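Q: Test case, fold it:
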Amino acid sequence: MKSNRALFYGISIGILGIILFSSKAVLVKLIYNYEVSALDALLLRMLFSFPIYLVIAFAYKNKKQPASTATKDYVWIIAFGVVGYYLASLFDFIGLTYIKASLERIILFLYPTIVLLLNRFFLKTKIESKQLLAIGITYIGIIIAFGQEVQFSGTNTYIGGAFVLLSAITYASYLVGSGWLIPKFGVVKFTAYVMSVSCICVFIHYGIAGSLIYFSFRGKYTY
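A: Okay, the predicted model is just below:
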């Protein structure tokens, strides 16, 4: 009974995560109606989330970790923060300036397939038939939902698609690489640390390439 309850909770959380993950592209496209750039939108996202991650990191700083950690583990935290949430989010946000959210979903959801391939080639993990079946069912559902809205033509489509594909690859790399590190910190602490690093990367990027004039809502915004 207890295992069935845990399975139900796991599936429910997974479904909720998919819904929230999928809605992100729609919200970003709505933000672009206000003529902000990809970097502006990403900065706003991180500005709102950064204080929350700091509070979580502070609250869990003295919590006993599941396993011992070394200095190199914190170096990997920085690396995963750069790759997994900074670069993946940046590529995705740039891609959404060129293509519709529906096409972005179809391309971005390649990441489970990329995870399986990376595990197969680098970690020598066998791909099970039930994993292939799950991916197949997922793609059938995505194509049914969004297939009629997709237009595979025009230079912008290929540029945007390439950026979103880069996002899928970097995010998949993060998932594969972080699998061994999460048990050392615990899920909550690991997420807070990695996301904090990602936020700092966006702040640095904006400090170099952005301009606060974007927040005055005057003039034409560019990227």
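Q: Can you give the distance of the helix or strand bottoming out on mean pLDDT in the chain from its chain's centre?
A: For the chain, using mean pLDDT, DSSP states H and E, the weakest element among its helices and strands is helix 129-146, scoring a mean of 78. With CA atoms, centre = their mean, to the nearest Å as the basis, helix 129-146 stands 20 Å off its chain's centre.
Q: got the contact list for that helix?
A: 102-103, 105-106, 109, 112-113, 116 (CB atoms under 8 Å, 6 or more residues apart in numbering). Placement of C-beta: from N, CA and C, glycine included.
Q: got these as CSV, with distance to residue 54, secondary structure and neighbour count columns?
A: CSV is the format used below for the contacts of helix 129-146 (distance: CB to CB, whole Å; DSSP: H, G, I helix; E, B strand; the rest coil; neighbours: other CB atoms under 10 Å):
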residue, distance to residue 54, secondary structure, neighbour count
102, 35, helix, 18
103, 35, helix, 23
105, 31, helix, 20
106, 35, helix, 20
109, 31, coil, 18
112, 31, helix, 16
113, 35, helix, 18
116, 34, helix, 19
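Q: ok, and for the longest helix seen in the chain, which residues are buried?
A: For the chain, the helix that runs over the most residues, judged by DSSP state H, is helix 2-32. For helix 2-32, the neighbour count (16 or more other CB atoms under 10 Å) marks 22, 24-25, 28-29, 31-32 as buried.
Q: closest to residue 3 among those?
A: Nearest to residue 3 out of the buried residues of helix 2-32 is residue 22 (CB to CB; 28.6 Å).
Q: Surely the closest one is in contact with residue 104?
A: No - taking contacts as CB atoms under 8 Å, residue 22 lies outside contact range of residue 104: 9.8 Å.
Q: one step back: with respect to residue 71, which of the buried residues of helix 2-32 is nearest?
A: Using CB to CB, those come closest to residue 71 at residue 24, 33.7 Å.
Q: Disregarding flanking residues, what is the spatial nearest neighbour of residue 186?
A: residue 66 (5.6 Å; CB to CB, 6 or more residues apart in numbering).
Q: The one you found touches residue 188, doesn't it?
A: No - at 11.2 Å, residue 66 does not count as touching residue 188 under the criterion of CB under 8 Å.
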